[in-house]
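Participant: sequence and predicted structure are below.
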Amino acid sequence: MASNIPIERVRNIGISAHIDSGKTTLTERILFYTGRIHEIHEVRGKDGVGAKMDSMDLEREKGITIQSAATFCLWKDININIIDTPGHVDFTIEVERALRVLDGAILVLCSVSGVQSQSITVDRQMRRYRVPRIAFVNKMDRAGANYARVASQLKEKLNHHPVMLQIPIGAEDRFQGIVDPIVGKAYYFDGENGEHVREEEIPAELLEQAKQARHDIIEGVANVDDHLAELFISDKPVSDEELKAAIRRATLALKMTPVMCGSAYKNKGVQLLLDAVRDYLPNPAEVVNEALDQKNNEAKIVLESNPGKPFVGLAFKLEDGRYGQLTYIRIYQGRIAKGDFIFNQSNQRKVKIPRIVRMHSNEMNDVGEASAGDIVALFGVECASGDTFTDGRLSVTMTSMHVPDAVIDLAVAPKERTGLANFSKALNRFTREDPTFRVHRDEESAQTIISGMGELHLEIYIERMRREYNCEVVAGKPQVAYRETITQRGDFAYTHKKQTGGSGQFGRVCGYLEPLPADSVETYEFVDDITGGAIPREFIPAVDKGFREALKKGSLIGFPVVGVRAVINDGDSHDVDSSEQAFKTAAIMAFREGYEAAKPTILEPIMKVEVQAPEEFQGSVVGQLNQRRGTILSTENAEGYVTAVAEVPLNSMFGYSTDLRSATQGKGEFTMEFAKYAPVPRLEQEEMMKAYREKQAAERR
């Protein structure tokens, strides 16, 4: 996009949905109709080329999107920056970071499956960042397609106020085109790839329905837009322009969701969706973006999408390409040009911009400058995902994105000693690129442990090490990320005394531990209730440090402790023998004392699992979930398929995909995402504690 395009004609949008709803196919069609690509390739294309936006070999083989890909295109008079995001829950961070920097989104739904578990997750993410969206009901050519049912699910399951803006002409294999009741026209898509949009009069048999639909649209929008409500109540005629303006206002205010339909695969309805992006989604200047003023107690300030103001940008995604690190950046205010110096607010480093490019999947187009509202990539700028950049005139940071906790651990090591250098290079790169992929070293077993969002997430990274770094990896059995917590108040009063030659060590710490409220976002809270200087002020941080140290490893099975408030209310010190180290040690021991008294328990990650299979296998699907300690939340039958939603402990989900496939003749599929932590049943806890004690005893021997 040339920087001389006015900001009103810019749209930054994301395309997100449940896995297999046709997001990448839709993006592919958008690129084709906007002239960005000249031929269409399918996601699981037989031609071996694969979709443009799935540029990674692994994506093409598995037919899924792993990394969000960015591109840009021109539609009529607007410039659209698009990010195609993954639908698989293991790559949820890709959706988080895309939605964090986008102004609007298209929520793609399958006309048969409707609102599925992952649609609920992406919708939650859109709400978190207040992103206005258009719902696109895709796959209208499929057997069982039902546009109205999907629209009503938006209301029931997602609490939207959906307004259907179109009428499909036919459905399933008779799906021919689309009626737009607002302008009173029918549209057909001719040519080999549906590139010629033909406008006709509405077929006679749909005239009455179209009239009613226009009335319903006006009523639906009038419910959430005061200006239109006045016209509607006084029975005044509503012009097309007034109606479109009201739809835009209500969509931007997040009061309604326009619902459209089509079939990306069959090349129908995509151009009308692009018109809706222009008409109903915001330009960067219509979105309120806030930053935190670092010089004024993190007070919120509103950034203006104005190229003349001081520069502020957010690095939201990193990629190591052939030519070094590529940093994707969204510019919120001001402008940057090649050769400028910018400041990284997280480490105050000044860096020069050697090169600015616009990304088109994995191709780059060089640009000299970029301004507010743009999404570009910078070369040679070292930083981490989520860093804020300014031109040095402002000291502000953007609120970072929400990063979910990892739920699964895996011990990994390079197969050959010679692969060590590449192994650590790969791990370094992946942790910088993906905040949900974590690496730590287990001191006891001297193993390298990787943690992530699910089996597929870690599998993909191991495969990437093999392909991109020529490093074969040996992996252990996946390990669930357990946690420990307390169930009641536990008091402590611990005195640490040590006399060695010369000065000794002395510190006394008293207080109690108590569970944090269930809805607390924090996992640990430190409360200083010391009065009268029982513990000198300079040693209080050392006590906090000691508690934090003790939290890293609970005494039941050696996993981190969460959900604890530590309160200190008394203590004692010695003029000569007290030191930071003495109080830190006293705090560690005091914590252990309070922990024993607070009835500790083990927590395990519980996953929300959604299974879809033909109805005849309903019994085996439900039976299998019950066997795995699952709690069935709901089962729903539609179009010959059953959808079961359950909460199941992650520990009993290993190997589930194989079992499900064999129980449903390969026709069942499932998705799984983290729901919550819950206590492990008593018997299992005892077994786990026994195994942990035996392991420790063996290590001591």
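Facilitator: Sure thing, it's come through. Predicted model, so just to flag it, every value in this text is computed and none were measured.

Participant: now Phe526: how far from Lys211?
Facilitator: 66 Å (Cβ to Cβ, to the nearest Å). (Glycine included, C-beta is placed from N, CA and C.)

Participant: what about those two, which has more around it?
Facilitator: Phe526 (16 against 13; other Cβ atoms under 10 Å).

Participant: mind checking pLDDT for the more buried one?
Facilitator: Turning to Phe526, the model gives it a pLDDT of 94.

Participant: next, count neighbours for the nearest residue to it once chain neighbours are set aside.
Facilitator: In this structure, Phe526 finds its nearest non-sequential neighbour in Asp544, 4.8 Å apart by Cβ to Cβ, 6 or more residues apart in numbering. For Asp544, the count of nearby residues is 17 (other Cβ under 10 Å).

Participant: host element of Asp544?
Facilitator: helix 540-551 (DSSP states H and E).

Participant: mind giving me the packing neighbours of that helix?
Facilitator: strand 524-528, strand 564-572, helix 580-597 (3 or more Cβ pairs under 8 Å, 6 or more residues apart in numbering; DSSP states H and E).

Participant: out of those, which comes closest to Ile5?
Facilitator: strand 524-528 (48.6 Å; Cβ to Cβ).

Participant: for the closest one, C-alpha coordinates in CSV please.
Facilitator: Provided in CSV are the C-alpha atoms of strand 524-528 (Å, rounded to 0.1, in the frame of the first residue of the first chain):
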residue,chain,number,x,y,z
TYR,A,524,0.6,-15.8,43.9
GLU,A,525,0.0,-12.7,46.1
PHE,A,526,2.4,-11.3,48.8
VAL,A,527,0.9,-9.3,51.7
ASP,A,528,3.2,-7.3,54.0
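
Participant: what's that strand in contact with?
Facilitator: Leu516, Ile540, Asp544, Phe547, Arg548, Leu551, Val562, Val564, Arg565, Ala566, Val567, Ile568 (Cβ atoms under 8 Å, 6 or more residues apart in numbering).

Participant: just give me the residue right at the centre of this protein.
Facilitator: Glu96 (3.1 Å; Cα atoms, centre = their mean).

Participant: how much space separates it from Lys317?
Facilitator: Where Lys317 is concerned, Glu96 sits at a distance of 10 Å (Cβ to Cβ).

Participant: one step back: angle of the helix holding Asp544 against strand 524-528?
Facilitator: Going by axes from the mean of the first three to the mean of the last three Cα atoms, to 10 degrees, helix 540-551 is angled at 150 degrees with respect to strand 524-528.

Participant: buried residues in helix 540-551?
Facilitator: Ile540, Ala542, Val543, Asp544, Lys545, Gly546, Phe547, Arg548, Ala550, Leu551 (16 or more other Cβ atoms under 10 Å).

Participant: and of these, the nearest to Phe437?
Facilitator: Leu551 (22.6 Å).

Participant: that closest one: what's it in contact with?
Facilitator: Applying Cβ under 8 Å, 6+ apart, the residues near Leu551 are Tyr524, Pro560, Val561, Val562, Val564, Phe591.

Participant: at 10 Å instead, please
Facilitator: Glu484, Thr523, Tyr524, Pro560, Val561, Val562, Val564, Ala566, Ile588, Phe591, Tyr595 (Cβ atoms under 10 Å, 6 or more residues apart in numbering).

Participant: on that earlier part again, hey, C-alpha coordinates of the helix holding Asp544 in CSV?
Facilitator: Extracted in CSV, the C-alpha atoms of helix 540-551 (Å, rounded to 0.1, in the frame of the first residue of the first chain):
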residue,chain,number,x,y,z
ILE,A,540,10.9,-7.6,53.2
PRO,A,541,11.8,-8.1,49.4
ALA,A,542,14.1,-11.0,50.5
VAL,A,543,11.1,-12.7,52.2
ASP,A,544,9.0,-12.3,49.0
LYS,A,545,11.9,-13.7,47.0
GLY,A,546,12.1,-16.7,49.4
PHE,A,547,8.4,-17.4,49.0
ARG,A,548,8.7,-17.2,45.2
GLU,A,549,11.6,-19.7,45.3
ALA,A,550,9.5,-22.1,47.4
LEU,A,551,6.6,-21.8,45.0
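
Participant: returning to that earlier point: the residue nearest to Phe526 and Lys584 touch, don't they?
Facilitator: Yes - if you go by Cβ atoms under 10 Å, Asp544 and Lys584 touch, sitting 9.2 Å apart.

Participant: which among the contacts of Leu551 count as buried?
Facilitator: Burial by neighbour count, 16+ other Cβ under 10 Å: within the contacts of Leu551 this picks out Glu484, Tyr524, Val561, Val562, Val564, Ala566, Ile588, Phe591, Tyr595.
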